[in-house]
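In: any chance you can model this:
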Amino acid sequence: MSPNTVVAYRRDVGDFLGFANRLGADLAAIDRRLLRRYLAFLDTREFARSTIARRVSAVRSLFGFLEANYEEIEDPTGGLELRRTGRKLPDVLAPGEIDSLIESAIVGAGSGMGQIGPETIRDIALVELLYGSGLRISEALGLRVADWENSDFITVTGKGSKERKVPLSSPSKAAMQRYLNEARPELASRSNSPLDSLFINGRGKAMTPRDARRIFERAGVGGEGVGPHTLRHCFATHLLEGGADLRVIQEMLGHTSIATTQVYTHSSRGRMRRVFDASHPRA
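Out: Numbering: from 1, shown residues only. Alright, predicted model coming up:
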């Protein structure tokens, strides 16, 4: 499993065991009734369905391991089902909002692109990369300098440590070149420990997801809930609306299953209507 998955599962298992402990139940005493109470507890906390599903998966993995290794433990998770709810469609910004997000990074940084500071140049490069190539924020921040060789593609390590090559847009390539030539050397000089991370923060350390979210908080574009992952949704939706093949989008996003990519077909109602109007004889 990827390090992020291990961290998430460890946290989820710890939260569940803490819940059971508060009810006075040890591992051998956990039954389906307690598990249902746990699901009800998560529901009252208004967690996203995907978060609840991940927590249930972590608990299932825990008991699968325990049952296989300890005779006194039985797996109580068999038949445990989540309450079905409608899948939330991803937030998508209009192309004009993407432009506003990039422009907002320059506000207060100077009167022209030539006067902005290294952090702003970095922010523009990161936003252009997320939107232009559809990377997960963990993939973008996990990039090393050697992953890009000034070409039209960048090598990305995705979930399950699977590598893929993703094309760069022209604005993204230009922003990346400027960042590496002008901004990154200055940011790197602020730390005594040389780093090979591509994106580094104002202290010369590897950039974190929290650092990336601040870009969106400062911009205030698209409303609450818009963050780095939104640009991945925008990338896929705008490609689909432009006529790109779903299988190609799947490959660029690094999705194992086409079913995961198909959610973007539901986000593209505008394209559906245009195709209908242009194709149906009675539209």
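In: so what does the strand or helix carrying residue 218 touch, helix or strand wise?
Out: In this assignment (DSSP states H and E), residue 218 forms part of helix 209-219. With contacts taken as 3 or more Cβ pairs under 8 Å, 6 or more residues apart in numbering; DSSP states H and E, helix 209-219 sits against helix 95-104, helix 118-133, helix 137-141, helix 228-241. Backbone N, C-alpha and C define where each C-beta goes, glycine included.
In: out of the ones you listed, the one nearest residue 75 is which?
Out: helix 137-141 (31.1 Å; Cβ to Cβ).
In: who's in contact with the closest one?
Out: Contact partners of helix 137-141, identified using Cβ atoms under 8 Å, 6 or more residues apart in numbering, comprise 4, 126, 129-130, 156-158, 197, 199, 206-209, 212, 227-229, 254.
In: filter those down to the buried ones.
Out: 126, 129-130, 156-158, 197, 199, 206-207, 209, 212, 227-229, 254 (16 or more other Cβ atoms under 10 Å).
In: which one of those residues sits closest to residue 166?
Out: Using Cβ to Cβ, the buried ones among the contacts of helix 137-141 come closest to residue 166 at residue 156, 5.4 Å.
In: is it true that that closest one lies in a strand?
Out: Yes: counting by DSSP: H, G, I helix; E, B strand; the rest coil, residue 156 is found in a strand.
In: confirm for me that it is in contact with residue 134.
Out: No: the pair residue 156 / residue 134 is not scored as a contact, 9.7 Å apart, by Cβ atoms under 8 Å.
In: joint contacts of the two?
Out: Contacts common to residue 156 and residue 134, judged by Cβ under 8 Å, 6+ apart, are residue 166.
In: then the helix holding residue 218 to CSV, C-alphas only?
Out: Taking C-alpha atoms only, helix 209-219 is exported to CSV below (Å, rounded to 0.1, in the frame of the first residue of the first chain):
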residue,chain,number,x,y,z
PRO,A,209,-1.0,19.7,0.9
ARG,A,210,-1.8,22.4,3.5
ASP,A,211,0.6,24.8,1.7
ALA,A,212,-1.3,24.0,-1.5
ARG,A,213,-4.7,24.6,0.0
ARG,A,214,-3.6,28.1,1.1
ILE,A,215,-3.3,29.1,-2.6
PHE,A,216,-7.1,28.5,-3.0
GLU,A,217,-8.0,30.1,0.4
ARG,A,218,-6.2,33.3,-0.6
ALA,A,219,-7.8,33.3,-4.1
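In: can you tell me the average pLDDT over that helix?
Out: Averaged over helix 209-219, pLDDT sits at 84.
In: now that helix: buried residues?
Out: 209, 211, 212, 215, 216, 219.
In: go on, stretch 141-156?
Out: 141, 142, 143, 147, 148, 154, 156.
In: need the distance between the two termini of that stretch.
Out: End-to-end span of stretch 141-156 (Cα to Cα, to the nearest Å): 10 Å.
In: TSV for the buried residues of stretch 141-156, including pLDDT?
Out: Converted to TSV, these look like this (pLDDT from 0 to 100):
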residue	pLDDT
141	94
142	92
143	94
147	91
148	90
154	92
156	92
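In: now, which of those residues sits nearest residue 65?
Out: After measuring the buried residues of stretch 141-156 against residue 65 - Cβ to Cβ - the closest member comes out as residue 142, at 27.8 Å.
In: pretty sure the closest one contacts residue 158?
Out: No: using Cβ under 8 Å, residue 142 is not in contact with residue 158; the gap is 9.2 Å.
In: okay, domains of this structure per the record?
Out: 3-69, 95-272 (automatic domain parsing).
In: quick one: which of those domains is nearest residue 281?
Out: Nearest of the domains of the chain (Cβ to Cβ): domain 95-272, 17.0 Å.
In: still on that earlier bit, and the domains of the chain, which is most packed in?
Out: domain 95-272 (a mean of 17; mean count of other Cβ atoms under 10 Å).
In: do a quick rundown of the helices in this structure.
Out: 3-22, 32-44, 49-69, 95-104, 118-133, 137-141, 170-178, 184-188, 209-219, 228-241, 246-253, 258-261, 263-266, 269-279 (DSSP state H).
In: can you add distance to residue 162 and give the ones you listed back as a markdown table?
Out: Below are the helices of the chain laid out as a markdown table (distance: least, Cβ to Cβ, whole Å):
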| stretch | distance to residue 162 |
| --- | --- |
| helix 3-22 | 13 |
| helix 32-44 | 30 |
| helix 49-69 | 20 |
| helix 95-104 | 27 |
| helix 118-133 | 16 |
| helix 137-141 | 11 |
| helix 170-178 | 22 |
| helix 184-188 | 27 |
| helix 209-219 | 20 |
| helix 228-241 | 16 |
| helix 246-253 | 11 |
| helix 258-261 | 14 |
| helix 263-266 | 20 |
| helix 269-279 | 29 |
